[in-house]
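> Sequence and predicted structure, then a few things I'm wondering about:
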Amino acid sequence: MSSTSSNVVFDDIFTIYAIDKEGRKFDRVSRLYARSKNYDMDMTLDYDVELFHVSNDQTVAMALASSLSRDSAQAGAGEGADVEDKDRDVWRPDGKGRRGLEEDYDYVMYGRVYRFDGGNAETVTVYASFGGLLLSLTGSFRHMANIVLNDPIFILLRK
């Protein structure tokens with residue numbers, strides 16, 4: 001899928017096929033299992049059930065982004081790129097009236113990519129941790145080429 005921002009390193013639409021299939025271990029946390037429509041990716045994600053309610057067979061849009069700031073073309077005319085560079089690592093880039101990517105999604109978490117596993121020549125798995133809530137994303141390495149080990153990352157979900 002095409003991204004609306006240069007900060008988006010991956011995006012796709014996923015259909016949830018299971019939730020807590022191995023049982024629930026924490027009161028506020030569930031684990032969802034989903035398959036993407038466009039890139040044939042498999043996702044496993046821990047999420048806060050009080051903040052984000054989903055069910056089996058529901059579709060969600062998921063994006064991974066290196067920053068919540070929008071690209072300079074969307075930031076507006078004038079100072080554009082200088083402001084975007086300054087705000088690149090800011091959690092809330094809308095401090096001066098600008099809207100960040102988080103405004104377009106229902107659920108956002110900040111974390112870090114901590115591991116890559118190569119399955120075969122074509123398939124890899126990326127692992128990220130969002131304060132202990134884990135993500136694994138498995139599929140073709142071509143679709144995850146912009147995801148960098150040890151880089152901070154945001155996951156954005158929308159129903």
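The structure has been received and is ready for your questions.
> what are the ranges of the strands in the protein?
8-19, 29-36, 42-48, 59-65, 107-118, 123-130, 133-140, 152-158 (DSSP state E).
> Reformat those as a markdown table; add mean neighbour count, mean pLDDT and distance to Gly100.
To be clear about C-beta, it is placed using only N, CA and C from the backbone, and glycine gets the same treatment. Shown next, in a markdown table, are the strands of the chain (neighbours: other C-beta atoms under 10 Å; pLDDT from 0 to 100; distance: least, C-beta to C-beta, whole Å):
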| stretch | mean neighbour count | mean pLDDT | distance to Gly100 |
| --- | --- | --- | --- |
| strand 8-19 | 18 | 97 | 12 |
| strand 29-36 | 20 | 97 | 24 |
| strand 42-48 | 20 | 98 | 20 |
| strand 59-65 | 21 | 97 | 9 |
| strand 107-118 | 16 | 94 | 9 |
| strand 123-130 | 19 | 96 | 17 |
| strand 133-140 | 19 | 96 | 20 |
| strand 152-158 | 20 | 96 | 10 |
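> Among these, which comes closest to Asn146?
strand 8-19 (3.9 Å; C-beta to C-beta).
> I'd say Thr125 and Tyr114 touch.
No: between Thr125 and Tyr114 there is no contact under C-beta atoms under 8 Å: 11.8 Å.
> Endpoints of stretch 32-47, how far apart?
The first and final residues of stretch 32-47 sit 8 Å from each other (C-alpha to C-alpha, to the nearest Å).
> what's the spacing between it and its chain's center?
Taking C-alpha atoms, centre = their mean, to the nearest Å, one finds the center of stretch 32-47 at 11 Å from the center of the full chain.
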